[in-house]
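A.B. asks: Need a 3D model of the sequence below.
(one chain, ligands or ions: 1)
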Amino acid sequence: MTYQDIINKRRSVYALNHQLPVSEDEVLTRIKDALVASPSAFNMQSAHALILLGEQHKTLWNDIVTKTLQAIVPAENFEPTQQKMNMFAAAYGTVLFFEDDEVVSNMKEQFATYADAFDTFAAHGQGIAHVNVWNSLAEVGVGANLQHYNPIIDDAVRERWSVPANWQLKAQLVFGGIEGAPGTQERMSADERIRIER
Ligand SMILES: Cc1cc2nc3c(=O)[nH]c(=O)nc-3n(C[C@H](O)[C@H](O)[C@H](O)COP(=O)(O)O)c2cc1C
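C.D. replies: Numbering: from 1, shown residues only. Okay, here's the model as predicted:
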């Protein structure tokens with residue numbers, strides 16, 4: 001499989017199940033290796049992850065996210081939300097991505113000329129880590145979708161898994177076996193998006 005094949009294979013897969021096409025060990029190794037290999041501005045390595053499996057994964061979706069949303073979404077409109085929560089809970093696990101704000105603050109002090117750029121650098125570093133993990137899982141046929149229930153679940157997540165105060169939740173990558181493949185998606189052509197000058 002070429003690198004482009006892997007990139008093309010990565011999609012937002014929402015219909016996930018508990019049957020991984022490879023071992024749990026391989027999935028965990030891929031998540032770890034992809035995160036560690038991901039570049040960051042000034043090599044600050046401020047992205048962290050907490051991988052939730054089994055009951056911990058279910059607790060996130062069936063308890064924390066569901067209850068948080070129940071307090072916001074009117075009961076009569078909750079059914080579609082409930083279905084989404086059931087879909088996420090049916091997956092194998094979730095990678096919670098965090099940014100170490102202390103590292104970013106220290107970098108702002110240390111490299112004052114770039115201080116204003118560090119929040120953007122940090123966001124880019126997060127995105128790179130997310131997509132590297134997502135692509136690596138896609139390569140072996142593990143489906144995933146990227147969610148952003150932060151910041152409304154931050155406090156409950158912090159309390160449940162004793163997350164350090166300086167780690168800020170940025171994204172949730174839900175992963176598992178592919179129960180249903182996503183449909184095709186329209187993409188603009190490269191010519192519409194990329195200009196080449198010589
Ligand atoms: C930065 C970023 C944030 C996203 N946030 C969400 C999200 O919160 N919930 C969601 O269901 N999908 C989210 N997505 C998935 C996009 O909607 C999806 O990647 C896009 O429509 C392209 O589809 P594909 O992933 O199947 O190629 C996000 C994707 C990116 C890159």
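A.B. asks: how about the longest strand seen in the chain: buried residues?
C.D. replies: Longest strand of the chain, by residue count under DSSP state E: strand 167-180. Within strand 167-180, the residues that count as buried by 16 or more other C-beta atoms under 10 Å are 167-179. Heads up, the C-betas are built off the backbone N, CA and C, glycines and all.
A.B. asks: with these in mind, which one is nearest to the ligand?
C.D. replies: Nearest to the ligand, judged by C-beta to the nearest ligand atom, of these is residue 171 at 7.2 Å.
A.B. asks: pretty sure that closest one is touching residue 147, no?
C.D. replies: Yes - under the criterion of C-beta atoms under 8 Å, residue 171 makes contact with residue 147 at 7.0 Å.
A.B. asks: which parts of this protein sit against the ligand?
C.D. replies: Proximity of the chain to the ligand (C-beta under 6 Å from any ligand atom) is limited to residues 11-12, 127, 145-148, 182, 185.
A.B. asks: ok, and the most crowded of the residues you listed?
C.D. replies: Greatest neighbour count in the residues of the chain next to the ligand, by other C-beta atoms under 10 Å, goes to residue 145: 20 neighbours.
A.B. asks: Return the list of helices and strands in contact with the longest strand of the chain.
C.D. replies: On a contact count with 3 or more C-beta pairs under 8 Å, 6 or more residues apart in numbering; DSSP states H and E, strand 167-180 meets strand 15-17, strand 93-100, helix 118-139, strand 143-147, helix 154-160.
A.B. asks: Next, the residues that contact the shortest one from outside, please.
C.D. replies: Looking back up the chat, that one is strand 15-17. For strand 15-17, the external contacting residues (C-beta atoms under 8 Å, 6 or more residues apart in numbering) are 87-88, 90-92, 143-145, 174-180.
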